[in-house]
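**Student:** here is the input, now give the coordinates:
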Amino acid sequence: MAREIPYIAAVQEALGLEMARDDTVLFYGQDVAPSDDDPLVKAFGRARVRVSPISETAEIGMAIGAALAGYRPVVELLMSEFMLVAMNQVVNEAPRLRYMSGGRVKVPVVFKAGYGFTAGWAGQHTGSIYNMFCGIPGLKVALPSTPADAKGLFATAIRDDNPVCYLIHYLLILEHGDVPEGEYLVPFGEAAVRRTGSDVTIVATGWTVGRALEAAETLAAEGIEAEVIDPRTIQPLDTETILTSVEKTGHLVLADQATRHASAASFIAAEVAEHGFSSLKGPIKLVTALDATIPYSQPMEAYVLPDEAKIASAVRQVLGSAPVTA
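**Tutor:** Reported below is the predicted structural model:
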């Protein structure tokens, strides 16, 4: 049975259920449970829920060690940019150890962080930097766009025997949606078709999924039926669902909050160009953030970011019903 709860509550519910199910799951971070009145502390104690030092290098290094010792640590990193401080551990240690040991060790660690907080936070805490983690063999990347997926992908991430970047969008955390009660898992590598359509495929990630759905409604009033696909995980990526949709529609628009040349949209476009070129009836169009640091000014921020109007305009362009613009 499902009921409507906020995205952030779905995240917390998944963590609590997994900690209750498996006593090897640990949770810690710089701003985790500062009071002993925190529900997780009351339920699981300070041995499993801890405040960590203000050092991402220490946090992530401890997590990898704990994972090698048989635990399943979840590290609360708050902002995805904070992982940049410990990139050696994130990209060169955790994802490599299982392979380099010939499968003798597992590294079941979750790097939980927020991203995309484009609400006047300016340059350093607004990035959508998930693309830089996608090309690392052994590292998985989940981008839930709905409360149900926030719960289901988190549970799957915790149970995975490989390191996972579980990234939640800060502009989504208060959005409500139907979330199943009890144990709920969303498999990695299975995209969701959020809206069916026959004229154009729109592939969107995270916060831009909602913008794509709004654009699709606008386009429907013009007689254009857009199919909206949410990959849910970008590593692994469900290319089959995307290619099947493009085979049906013949047109592809990709919406991504990341900058154009560091976006998931760019490598999804490459996959379709290589494996689905014969299905395309027109050029692929990317709707991304501009290659610029997110500004503090709200009008400038809006200028830099993708939105539903820009997505709808891109669809009209690939269908030949609007002039091509830069």
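
**Student:** only C-alpha atoms from now on, for both contacts and neighbour counts.
**Tutor:** Will do.

**Student:** strands along the stretch 51-200 of the chain, start to end?
**Tutor:** Along the stretch 51-200 of the chain, the segments classed as strands by DSSP state E, counting those that start in this stretch run 72-79, 110-115, 140-142, 164-169, 176-180, 192-195, 200-204.

**Student:** apologies, that question was intended for the stretch 201-326 of the chain.
**Tutor:** Using DSSP E, counting those that start in this stretch, the strands found in the stretch 201-326 of the chain span residues 226-230, 233-235, 252-259, 285-289.

**Student:** hey, which of those strands is tucked in deepest?
**Tutor:** Greatest average neighbour count among the strands of the stretch 201-326 of the chain goes to strand 252-259 (a mean of 28), per mean count of other CA atoms under 10 Å.

**Student:** who's in contact with the residue nearest the centre of the chain?
**Tutor:** Residue closest to the average C-alpha location in the chain (CA atoms, centre = their mean): residue 143, at 1.5 Å. With contact set as CA atoms under 8 Å, 6 or more residues apart in numbering, residue 143 has these partners: 166-169, 205-206, 232-234.

**Student:** switch to 10 Å and redo it
**Tutor:** 114-115, 130, 149-150, 153-154, 165-169, 205-207, 230-235 (CA atoms under 10 Å, 6 or more residues apart in numbering).

**Student:** then residue 157?
**Tutor:** With CA under 10 Å, 6+ apart, residue 157 has these contacts: 74, 108-112, 140-142, 163-166, 185-188.

**Student:** what pLDDT does it get?
**Tutor:** As predicted, residue 157 sits at a pLDDT of 98.

**Student:** residue 187 versus that one, what's the distance?
**Tutor:** Going from residue 157 to residue 187 by CA to CA, to the nearest Å gives 9 Å.

**Student:** on that earlier part again, Throw the strands of the stretch 51-200 of the chain into CSV and include distance to residue 32, thanks.
**Tutor:** Shown next, in CSV, are the strands of the stretch 51-200 of the chain (distance: least, CA to CA, whole Å):
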stretch, distance to residue 32
strand 72-79, 7
strand 110-115, 12
strand 140-142, 21
strand 164-169, 16
strand 176-180, 23
strand 192-195, 32
strand 200-204, 31
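
**Student:** contact partners for residue 135?
**Tutor:** Taking CA under 10 Å, 6+ apart as the test, what residue 135 contacts is 91, 235, 267.

**Student:** cool, and residue 321?
**Tutor:** Residues in contact with residue 321 (CA under 10 Å, 6+ apart) are 313-315.

**Student:** from memory residue 219 sits against residue 316, does it?
**Tutor:** Yes. Look at residue 219 against residue 316 with CA atoms under 10 Å: they come within range, at 8.5 Å.

**Student:** isn't residue 214 right up against residue 227?
**Tutor:** No. Using CA under 10 Å, residue 214 is not in contact with residue 227, being 11.9 Å away.

**Student:** so what's residue 214 closest to, chain neighbours aside?
**Tutor:** Leaving aside its chain neighbours, residue 214 sits nearest to residue 308 (6.0 Å; criterion: CA to CA, 6 or more residues apart in numbering).
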